[in-house]
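J.: Give me coordinates for this.
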Amino acid sequence: KVDSKMKRFMILLITILIMLSGCGNDNEILTAPDAGKERSSNTEFPYFTTKDLYGNVWTQEIFNEYVLTMVNIWGTYCGPCIDEMPDLGRLYKELDEMNVNLIGIMVDVSQKTNKELALQITEKSGATYTHLLMDENIFNYLNHNISAIPTTIFVDSKGNVVGMPIVGALTKDEYKEIIK
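T.: I've put the predicted structure just below:
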């Protein structure tokens, strides 16, 4: 029953994201007209219990170990999302010395849907950081706060979202400048 409900949520989210972002063109970064505008006064990332691509269980405690966690929201159908992954993989290797973590959240992957494709994408691109599946709380948060993918947000060690979302793909150096 949970898988059926999650599947309906994911189909709705994918439909909304495709309509808003037009993501999928490898040559450009597309965003919705209100991209980059704060859509909610909610500054706390929701509590969650979910799994990563390898079946490991994670909660919001993933944010506790680092001063800042960069959260990249992406989909397997999104060309700009996939295009930025090699840079994100290289950035991830440098972030630990800054006490910053990087995780991904996949909008179109579940234990039964697109998991193998997501594994292929992350392995091929060198994006070896943790990639989380959505649970209902993450889905609801993204549905109300994210207007297009790729979008990157930053979460502090207390679970608070800090700064404005970054809509669109950036390079490793551009992200490093933002983190500083």
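J.: Test my guess that residue 63 contacts residue 47.
T.: No: contact criterion Cβ atoms under 8 Å: residue 63 and residue 47 do not qualify, at 10.9 Å. To be clear about C-beta, it is placed using only N, CA and C from the backbone, and glycine gets the same treatment.
J.: neighbour count winner among those two?
T.: Set residue 63 next to residue 47 and count neighbours by other Cβ atoms under 10 Å: residue 63 wins out with 20 against 12.
J.: and the more buried one, what does it touch?
T.: By Cβ atoms under 8 Å, 6 or more residues apart in numbering, the contact list for residue 63 reads 45, 69, 101, 155-159.
J.: for the most centrally placed residue in the chain, helix, strand, or coil?
T.: Closest to where the C-alpha atoms of the chain average out (Cα atoms, centre = their mean) is residue 73, at 1.8 Å. Under DSSP: H, G, I helix; E, B strand; the rest coil, residue 73 falls in the strand class.
J.: State whether it and residue 153 are indeed in contact, as I suppose.
T.: Yes: assessed by Cβ under 8 Å, residue 73 is found in contact with residue 153 at 7.4 Å.
J.: shared neighbours of these two, anything?
T.: residue 146.
J.: partners of the residue nearest to the centre of the chain in the sheet?
T.: Judged by DSSP bridges, the bridge partners of residue 73 are residue 105, residue 151.
J.: Check what pLDDT it gets.
T.: Note on residue 73: pLDDT of 98.
J.: tell me the contacts of it?
T.: Here residue 73 is in contact with 104-105, 107, 142, 146, 149-153 (criterion: Cβ under 8 Å, 6+ apart).
J.: most surrounded residue in those residues?
T.: Of these, with other Cβ under 10 Å as the count, residue 149 tops at 31 neighbours.
J.: helix or strand for the residue nearest to residue 53 when sequence neighbours are not counted, which one?
T.: Spatial nearest neighbour of residue 53, excluding adjacent residues (Cβ to Cβ, 6 or more residues apart in numbering): residue 131 at 5.1 Å. Using DSSP states H and E, residue 131 sits in strand 130-132.
J.: hmm, back to that, tell me how far the residue nearest to residue 53 lies from residue 49.
T.: As judged by Cβ to Cβ, to the nearest Å, residue 131 and residue 49 stand 16 Å apart.
J.: With neighbour numbers in mind, choose between the two.
T.: residue 131 (20 against 12).
J.: tell me the pLDDT at the more buried one?
T.: 98.
J.: Give the full set of residues in contact with it.
T.: 52-53, 103-106, 109, 118, 122.
J.: Need the worst-confidence member of those residues.
T.: The pLDDT minimum for those sits at residue 109, where the score is 91.
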